[in-house]
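Peer 1: Kindly return the folded structure for what I paste below:
(chains A, B, C and D)
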4 protein chains.
Amino acid sequence: MSHPHDPDRRRDIAHVGPIELYTPVLEESRDFFVNVLALREVHRDDTSVYLHTWDDYQSWTIRLVRRDAAGIGRTYLRAAGPEARDRLAGQIEGTGPGPHRVVDDVRGLGEVFLFADPDGHEFGLYWDVEWYRPDASDTPALKNQAAAYPGRGANLRRLDHVNYLTADVPATSAFLSDVLGARCTEQIVKDDGGPQAVWYSVGNKTYDLVYTEDWTGTRGRLHHVAFATDTREEILRAADVCLDAGVHIETGPHKHAIQQTFFLYVWEPGGNRIEICNAGARLILAPDWKTISWTREERAKGQAWGLRTIDTFHTHGTPVVPPAS
Amino acid sequence: MSHPHDPDRRRDIAHVGPIELYTPVLEESRDFFVNVLALREVHRDDTSVYLHTWDDYQSWTIRLVRRDAAGIGRTYLRAAGPEARDRLAGQIEGTGPGPHRVVDDVRGLGEVFLFADPDGHEFGLYWDVEWYRPDASDTPALKNQAAAYPGRGANLRRLDHVNYLTADVPATSAFLSDVLGARCTEQIVKDDGGPQAVWYSVGNKTYDLVYTEDWTGTRGRLHHVAFATDTREEILRAADVCLDAGVHIETGPHKHAIQQTFFLYVWEPGGNRIEICNAGARLILAPDWKTISWTREERAKGQAWGLRTIDTFHTHGTPVVPPAS
Amino acid sequence: MSHPHDPDRRRDIAHVGPIELYTPVLEESRDFFVNVLALREVHRDDTSVYLHTWDDYQSWTIRLVRRDAAGIGRTYLRAAGPEARDRLAGQIEGTGPGPHRVVDDVRGLGEVFLFADPDGHEFGLYWDVEWYRPDASDTPALKNQAAAYPGRGANLRRLDHVNYLTADVPATSAFLSDVLGARCTEQIVKDDGGPQAVWYSVGNKTYDLVYTEDWTGTRGRLHHVAFATDTREEILRAADVCLDAGVHIETGPHKHAIQQTFFLYVWEPGGNRIEICNAGARLILAPDWKTISWTREERAKGQAWGLRTIDTFHTHGTPVVPPAS
Amino acid sequence: MSHPHDPDRRRDIAHVGPIELYTPVLEESRDFFVNVLALREVHRDDTSVYLHTWDDYQSWTIRLVRRDAAGIGRTYLRAAGPEARDRLAGQIEGTGPGPHRVVDDVRGLGEVFLFADPDGHEFGLYWDVEWYRPDASDTPALKNQAAAYPGRGANLRRLDHVNYLTADVPATSAFLSDVLGARCTEQIVKDDGGPQAVWYSVGNKTYDLVYTEDWTGTRGRLHHVAFATDTREEILRAADVCLDAGVHIETGPHKHAIQQTFFLYVWEPGGNRIEICNAGARLILAPDWKTISWTREERAKGQAWGLRTIDTFHTHGTPVVPPAS
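Peer 2: This next block holds a predicted model:
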């Protein structure tokens, strides 16, 4: 945050996704994503299920992986072009000890350059990608759409962002800014002036990657994964759907003051927090957008319309760990 | 269209706007934009009125200029950065005879590099810009918003795109693609394979600049200027508001198959066609998006849900001219 | 229409429904109602399928009956109470030749008093009724709701109204007004002053029963059956769903000037016209509401926002018959 | 609640409204209702201002009256007809000591029969009423609408219901049921089986009059007055509008489990709680609807999606009084 963003710096990341999510109850998680959230199962192997959101041009959106503990697996980042991939990979390699390596066994993606953020969350940078091919049952009527609208449950449209917990917000923030070239659009500032949470954007979306301080001091955890709908009403309806389906609704629907995101937080059966969100028609079009800072005092007013933030929102992360003593 | 887009090419244009619109009835046009569409008058001089949409970070969004005939004036394009501006200006200068010149007397903008597209529509490229400063009456409660939500009429959020008529679609399309570096996301293709209309995007919005063949053979005309709302329901409500206000509703609300834009077309008092639109949550995230082509036969099916396109949509443009014989 | 309504007259009809609909393609019609419109199959016998909308307190909403030709079967009317039933049945019996008879073999209903309107459409008046009992798969989370929100396709909420074609609008209108005690809230008046179509309400809904002149002179036909959603946006989404499902969209979504109904007309596989509608939050609370009359000239302006009415809307009815010569 | 409702009992009340509201800051309250809620000032005298909602067929909807303390004034009930008025007035007179009297000086209403509920809230029963006559500035385009859609602030449509505090819920509930003939559609039941709050309906709306136990033991107070919009999204937008206008948002937007009302509670400048609500498309069509009872345990789950009820919702009423010791 100390360095203002250079608008002339190349934007070498096109977007975030697909991602991997760990769950100790693979089939229950799969059923939740398919029946309630309306993703589509497009592939499965011994340990995982690949799911697709209807507005994703790529062949899959999220891979649920069976693990002992819930949490976030790899986050894949698509480069803006083949040169962008090479340039960015070079930059990442130049920043430190690694491990950095290239793999070519990721479903639907070409060569993937693997790296980690300073907190240990694993990322994969790629360019080549397989596009989604609908079959007879989900071919859309309009050919500018990846797949037919599912007409099922919450009808989630696409992956929107990932919010990671980190033991060191300044370090990860510097990595996103200086190495990855992302832009910090908003942040929460602590009384000592340091960042407590940072929202980063790679294009015109108001944010794509978020880092929040992990109060337990643990590294590599997840706060939540978020999916987008078109309207706020669709999020209200998603809440109705989740209520009938017996899903744990943590908080919402309500509106964040930060980013003005209209949100609903639920926990999937594996324990990961899932946000169903809508940033409305907000786009960051200004190439020199100035980071909006929110103080503790401003945060004390609650969410946009005054809702107090629920305690678990500050304490629950995956994998679940006891707070550091 | 013949050349596939190079994803590694720099995106030197950040966004479209502000723009100038000509009207023979300045005050009537001004009242329509303020009272019905909910723009705010921020400045006026002897021949024009400057108006602002509540979600525009810049000091004004559209300037209404008194002229004998309606039509589009300058379209200003903000560069992605100061280097981007210089690079793009150099590229434009290198492509032809001009006239190219730099002016510094545009309200709220710094130096502006003026040029024209092959059809004669005037453009201005700039980097330095004055940000919008709300006064006591439109200061928003949330500081990540340019101005308070007006709560008036159709509550238009921001400029969305401009659709120009052109006597030569291939030439203007090549200019946008090769010189300006914009990406063609969708197009209408004639039976002879040539483009009849082209939709160009400069960022993650599905389109920002559109060129449609001018059946009169005239140069430099306007098909419409479009403003965005958040939801389709807001466009339905805008239609209710326009109906009560006695505004000429040309067609809609309905959904285009092309770009899936939900639209309402009305004519402002000066005769210019104004679109109130919503592309929903559609974003172009793929850096190698493949241009979607629509044939005459596909177009014959009508709009997305089957509405026949109204005749005036094909014949009305500003300034109004008799068709070439 | 000639006699102003007496507000002190008892309202002996509580609501319209369930209804029977004839279809030559029973299974195709059933699949459309279940998969696209989101009704639930609750029972079937050799010749018919019983379907339920999620907000209907009764055990079924519509019965699809296999017949050679499409069309409307019986319309059941629930009396406001047991005395109301007897009073109204007595009134109907007193008005003419019949046939009037009582049956007790209608699924989920107690004794039903059968009669016909002057055009021959069959009706059944009843009081005793079986309430809907959800099973494990559609038990709602909130006990003030009949069944869980389906989260499927167009998610239709409840039956809204039936629009009958009639060879004699004045006679059927007088029957509704004088015998059944319904109130005419709006009407289309011909140049000769006679009614061309009449909208009748039995409670606070703006209308429940509609009669439109049959240009073929045939008796007993159907113009359409309508189901309600909560919002206009849900009707736009229903149009998206119908488009993907390959359903014939006849016209809409758009807004009628009459009753301000937001509408979408589609044809179910059997050929019957189905309206998906939303009258918004309009309620008729005035007990002395004055019938709104629309002239041919007013109708010539098109729908509320100017849409021309499509030809088939005036010519298609079920069963399909050649126009009288 | 002990007596099941007789569906054959006549419904002698057509609807609730207009109403009077007391405020110690008349002009501030007036400005809030006009500028934020979008009511229209239609008349004023020395001590009060008359306001109209755009979908009210009557000449005014709410009268703000200058008083030392906030609170509810008279609630006017329109009879279903002239005979209904006489019948109901006779019934009320027969039930007790009074005072009952007839006045003819209420603006826009004919003779009004005044009475009080057992808790002392004043009511007025009337039949003759002046219909709203829009002037040039609010004449609607569609003649089945009382006034043009205001296109201002929260655009409230009509009065929806009044929620009174009462020292004796059973007595007032019996009065509504036995004397006024209203139907109890939902209730909160205390551990001792007695009602803590009751929701009464006079037509097809799910409720019109609500009584909630006053924890202070005071008589004649108000919990809130509610106005309706068309959609849940409009209530979200109302919250945005209230936030920008600096209005005190008490709680919401969220969804009640009871009646499934989507709600936003704000305090008008005089201190009265105002609800902006939407019961969606829920209507009570069953003439024998069985009262839904909610227990303390069910209430402990919070609102529909789990929101804890804010403390002031249980403690604030107008006029403000110290709790009984």
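Peer 1: Quick check: A:Asp117 vs chain D, distance?
Peer 2: From A:Asp117 across to chain D, the span is 33 Å (C-beta to the nearest C-beta, to the nearest Å). C-beta here means a position set from N, CA and C on the backbone, and glycine is covered the same way.
Peer 1: now do A:Ala69
Peer 2: In terms of C-beta to the nearest C-beta, A:Ala69 sits 26 Å off from chain D.
Peer 1: Tell me the confidence at that residue?
Peer 2: Predicted confidence (pLDDT) for A:Ala69: 97.
Peer 1: Equivalent analysis for A:Thr95, please.
Peer 2: At A:Thr95, pLDDT is 85.
Peer 1: shouldn't it be in contact with A:Val179?
Peer 2: Yes - between A:Thr95 and A:Val179 there is a contact at 5.2 Å, judged by C-beta atoms under 8 Å.
Peer 1: how far is the helix-or-strand element of chain A with minimal mean pLDDT from where the chain is centred?
Peer 2: When the helices and strands of chain A are compared on mean pLDDT, DSSP states H and E, helix A:296-299 comes out lowest with a mean of 88. Centroid separation for helix A:296-299 versus its chain: 25 Å, with C-alpha atoms, centre = their mean, to the nearest Å.
Peer 1: next SSE after it?
Peer 2: Following helix A:296-299 in sequence order, the next helix or strand is helix A:311-315 (DSSP states H and E).
Peer 1: picking that back up, just the buried positions in the least confident helix or strand of chain A, please.
Peer 2: A:Arg299 (16 or more other C-beta atoms under 10 Å in any protein chain shown).
Peer 1: what residues are up against A:Gly220?
Peer 2: A:71-72, A:119-121 (C-beta atoms under 8 Å, 6 or more residues apart in numbering or on different chains).
Peer 1: A:Val321 contacts A:Arg219, doesn't it?
Peer 2: No - if you go by C-beta under 8 Å, A:Val321 and A:Arg219 don't touch, sitting 10.1 Å apart.
Peer 1: residues in the stretch 101-250 of chain A within reach of chain B, list them.
Peer 2: Within the stretch 101-250 of chain A, the positions near chain B by C-beta under 8 Å from any C-beta of the partner chain are A:141-145, A:157-158, A:186, A:203-205, A:228-233.
Peer 1: center of chain A - which residue?
Peer 2: The centre of chain A sits closest to A:Val162, judged by C-alpha atoms, centre = their mean, with a distance of 1.8 Å.
Peer 1: is it fair to say that one lies in a helix?
Peer 2: No - with DSSP: H, G, I helix; E, B strand; the rest coil as the criterion, A:Val162 is strand rather than part of a helix.
Peer 1: in the sheet, who's paired with it?
Peer 2: Beta bridges link A:Val162 to A:Leu209, A:Val225 when assigned by DSSP bridges.
Peer 1: quick one: is the lengthiest strand in chain A near chain B?
Peer 2: As assigned by DSSP state E, the longest strand anywhere in chain A is strand A:13-23. Yes - against chain B, strand A:13-23 shows contacts by C-beta under 8 Å from any C-beta at A:14-15.
Peer 1: Determine the set of other helices and strands touching that strand.
Peer 2: With contacts taken as 3 or more C-beta pairs under 8 Å, 6 or more residues apart in numbering or on different chains; DSSP states H and E, strand A:13-23 sits against strand A:62-66, strand A:71-79, helix A:82-94, strand A:158-166.
Peer 1: in the helix or strand following it, what counts as buried?
Peer 2: Using DSSP H and E, the helix or strand that follows strand A:13-23 in sequence is helix A:26-31. Buried residues in helix A:26-31, counted by 16+ other C-beta under 10 Å: A:26, A:29-31.
Peer 1: The closest residue to A:Gln303 other than its chain neighbours - how many residues pack around it?
Peer 2: Distance criterion C-beta to C-beta, 6 or more residues apart in numbering or on different chains; nearest residue to A:Gln303, sequence neighbours excluded, is A:His254 at 5.0 Å. Using other C-beta atoms under 10 Å in any protein chain shown, A:His254 has 25 neighbouring residues.
Peer 1: And A:His254, how far from B:Asn155?
Peer 2: 21 Å (C-beta to C-beta, to the nearest Å).
Peer 1: Same question for A:Arg11.
Peer 2: For A:Arg11 relative to B:Asn155 (C-beta to C-beta), the value is 31 Å.
Peer 1: And A:Ala79, by the same measure?
Peer 2: Taking C-beta to C-beta, one finds A:Ala79 at 38 Å from B:Asn155.
Peer 1: Between the two, tell me which one has more neighbours.
Peer 2: The neighbour count for A:Ala79 versus B:Asn155, taken as other C-beta under 10 Å, is higher for A:Ala79 (25 against 21).
Peer 1: The more buried one contacts A:Leu88, correct?
Peer 2: Yes - using C-beta under 8 Å, A:Ala79 makes contact with A:Leu88 at a distance of 6.1 Å.
Peer 1: Only the buried residues of stretch A:284-301, if you could.
Peer 2: Buried, per 16+ other C-beta under 10 Å, within stretch A:284-301: A:284-289, A:291-292, A:294, A:299.
Peer 1: Among those, which lie within strands?
Peer 2: A:292, A:294.
Peer 1: Could you work out the most separated pair of the buried residues of stretch A:284-301?
Peer 2: Distance extremes for the buried residues of stretch A:284-301: the farthest pair is A:Pro287 and A:Arg299 at 28.1 Å, using C-beta to C-beta.
Peer 1: Look up phi and psi at the most far-flung residue of chain A relative to its centre.
Peer 2: Relative to the centre of chain A, the most outlying C-alpha is that of A:Ala136, 30.1 Å out, by C-alpha atoms, centre = their mean. When read as degrees, to the nearest 10, the backbone of A:Ala136 gives phi -60, psi -30.
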